[in-house]
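Asks: sequence below, structure please.
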Amino acid sequence: MIILTIFFETSSNNSDLAIQIVCNTAFNDLSKLSQEEFDTEKMVILNEVKRYMDE
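Replies: Numbers count the residues shown, from 1 in each chain. Next up is the predicted model:
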């Protein structure tokens, strides 16, 4: 079993998107991904974080 805790910080302008992301995360089972798909998604997220931190 995977327990995942995620925090989102957003403005009220992006609240609809934040709710969509939270629901998507909550209702999609990460265990259905293959290890290769998981690693690919992980790299995408890490690159997004890195790009955000550079701005």
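
Asks: any weak-confidence spans in the chain?
Replies: Segments of the chain classed as low confidence (criterion: pLDDT under 70) are 1-4.

Asks: mind listing the helices for it?
Replies: For the chain, the helices defined by DSSP state H occupy 15-27, 35-54.

Asks: and these as CSV, adding mean neighbour count?
Replies: (C-beta placed from N, C-alpha, C; glycine too.) Shown next, in CSV, are these (neighbours: other CB atoms under 10 Å):
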stretch, mean neighbour count
helix 15-27, 11
helix 35-54, 10
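
Asks: redo those as JSON lines? Include distance to I6.
Replies: Listed next are these as JSON lines, based on distance: least, CB to CB, whole Å:
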{"stretch": "helix 15-27", "distance to I6": "6"}
{"stretch": "helix 35-54", "distance to I6": "11"}
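
Asks: how about the ones you listed, which one is nearest E9?
Replies: When the helices of the chain are compared for distance to E9 using CB to CB, the nearest one is helix 15-27, at 8.7 Å.

Asks: how far does the closest one sit from its chain's centre?
Replies: Using CA atoms, centre = their mean, to the nearest Å, the mean C-alpha position of helix 15-27 is found 9 Å from that of the whole chain.

Asks: who are the packing partners of it?
Replies: With contacts defined as 3 or more CB pairs under 8 Å, 6 or more residues apart in numbering; DSSP states H and E, there are no secondary structure elements packing on helix 15-27.
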